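Participant: quick one: sequence and predicted model below, then my questions.
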Amino acid sequence: MCAKHIVKNLSTYRLNVLKTDKTPTLSRICKFALSSLTNFTLSQRERVKCPAFTLAETLITLGIIGVVAAITIPTLIQKYQEKVWTTSFLRVYSILENAYKMAQNEYGTFENWGDDFVIINKSGSFGHRQKTNGQIIYNNVIKPYVKVSDTWLSGSNGCMPHNYSMLDGTKKGVGQPENWMYMTPAVALPTGECIILGAGGADFYVDINSKKGPNVLGKDTFRFSFDGTNTVRLKPGPMELRWTDNANYCDRTDNHGWNAGTSCGFWVARHHNMDYLHLPFDEIKKQWRGNGKQW
């Protein structure tokens, strides 16, 4: 029964109570009214005044809510995950960059650290550097200036997963114990990131969520290197100039002859998002420079 019907007939209930109680209270009147509901049948006209959802209407409404949720919730979850990855990427980049700047005050820029850091063909699109020494990077950059939760200076490390994929879905065979990823120094940060030092064509190979998935280059795995064209800076990407700041290697549909995802750090550093995971490649190339902004 509708509440308005009870209020409308409150005086009637009061008269009924007066038959047995000469001085009824409001609470007794209401109690009598509610007890009468089980035996009271509304007229057709009164039922019209008490609208309610039918079972069919309720099921239709729930169905619509379910469809909307099925469409929107996965997108929201994915956007949230990308935000987590982006935040972690920028945090690690800032930590490593600041540590390298402090190391320069003590040891100079990286090309002064030994033969392993010599720049070969400093200028030119095919310039590259010799493979770096992870132990020297640890001694000069990590140990004095970066807080870590665990350290592996030789042998198999405990924070890097054994299986990786490129951004285009190509599998990376890095699961053997003798692989360079597991035979070079590594550290884990208190926030959960794992950093391999001086391996895989980069000075820092970072998995921003350690052994959690998806373990994909360009999603939760990135490379950072000392910049051969501006030695005071740390750049996202590998050591070789031709592989670094190039939109081709941030294409989820094609590896363009090399490791898809290896240059995606440039996009994240410029745009502070991972929209390249959703944009057509032509649009990625169009927006790659971010209106001329570097990183």
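Facilitator: Now that the structure is in, tell me what you want to look at. Numbers count the residues shown, from 1 in each chain.
Participant: longest helix in the chain, please.
Facilitator: For the chain, the longest helix by residue count, based on DSSP state H, is helix 55-107.
Participant: quick one: mean pLDDT for that helix?
Facilitator: The pLDDT scores in helix 55-107 average 87.
Participant: stretch 276-285 now?
Facilitator: 95.
Participant: then that stretch to PDB, C-alphas only?
Facilitator: Below are the C-alpha coordinates for stretch 276-285, written out as PDB (Å, rounded to 0.1, in the frame of the first residue of the first chain):
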ATOM      1  CA  TYR A 276      50.200   4.400 -28.700                       C
ATOM      2  CA  LEU A 277      48.600   1.100 -27.500                       C
ATOM      3  CA  HIS A 278      45.300   2.200 -29.100                       C
ATOM      4  CA  LEU A 279      46.100   4.700 -31.900                       C
ATOM      5  CA  PRO A 280      46.600   3.700 -35.500                       C
ATOM      6  CA  PHE A 281      50.300   3.700 -36.500                       C
ATOM      7  CA  ASP A 282      49.800   6.600 -38.900                       C
ATOM      8  CA  GLU A 283      48.500   8.700 -35.900                       C
ATOM      9  CA  ILE A 284      51.400   7.600 -33.700                       C
ATOM     10  CA  LYS A 285      53.900   8.900 -36.300                       C
END
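Participant: in that stretch, which residues are buried?
Facilitator: For stretch 276-285, the buried set under the neighbour-count rule, 16 or more other CB atoms under 10 Å, comprises 276-277, 281, 284. Quick note: C-beta positions are derived from backbone N, CA and C, even for glycine.
Participant: that older thread, and the following helix or strand past the longest helix of the chain, what does it pack onto?
Facilitator: With elements assigned by DSSP states H and E, the helix or strand that comes after helix 55-107 is strand 119-120. If you count contacts as 3 or more CB pairs under 8 Å, 6 or more residues apart in numbering; DSSP states H and E, strand 119-120 packs onto strand 128-129.
Participant: quick one: strands adjacent to the strand it packs on?
Facilitator: Paired neighbours of strand 128-129 in the sheet (DSSP bridges): strand 119-120 (antiparallel).
Participant: report the rounded mean pLDDT for the partner strand.
Facilitator: Strand 119-120 comes out at a mean pLDDT of 78.
Participant: ok, which stretches of this structure are helices?
Facilitator: 3-8, 10-18, 26-35, 44-48, 55-107, 134-137, 143-145, 180-183, 264-271, 281-287.
Participant: hang on, the earlier thing: taking the buried residues of stretch 276-285, tell me the two that lie furthest apart.
Facilitator: 277 and 281 (11.6 Å; CB to CB).
Participant: which neighbours do these two share?
Facilitator: residue 252 (CB atoms under 8 Å, 6 or more residues apart in numbering).
Participant: quick one: which of the buried residues of stretch 276-285 is nearest residue 97?
Facilitator: For the buried residues of stretch 276-285, the nearest to residue 97 is residue 276 (21.8 Å; CB to CB).
Participant: residues in contact with that closest one?
Facilitator: Counting by CB under 8 Å, 6+ apart, residue 276 has contacts 218, 250, 252, 264, 267, 284.
Participant: cutoff 10 Å now
Facilitator: Going by CB atoms under 10 Å, 6 or more residues apart in numbering, residue 276 touches 167, 218, 247, 250-252, 261, 263-264, 266-268, 283-284, 287-288.
Participant: and for residue 157?
Facilitator: 150-151, 181-188, 194-197.
Participant: just give me the neighbour total for residue 70.
Facilitator: 9 (other CB atoms under 10 Å).
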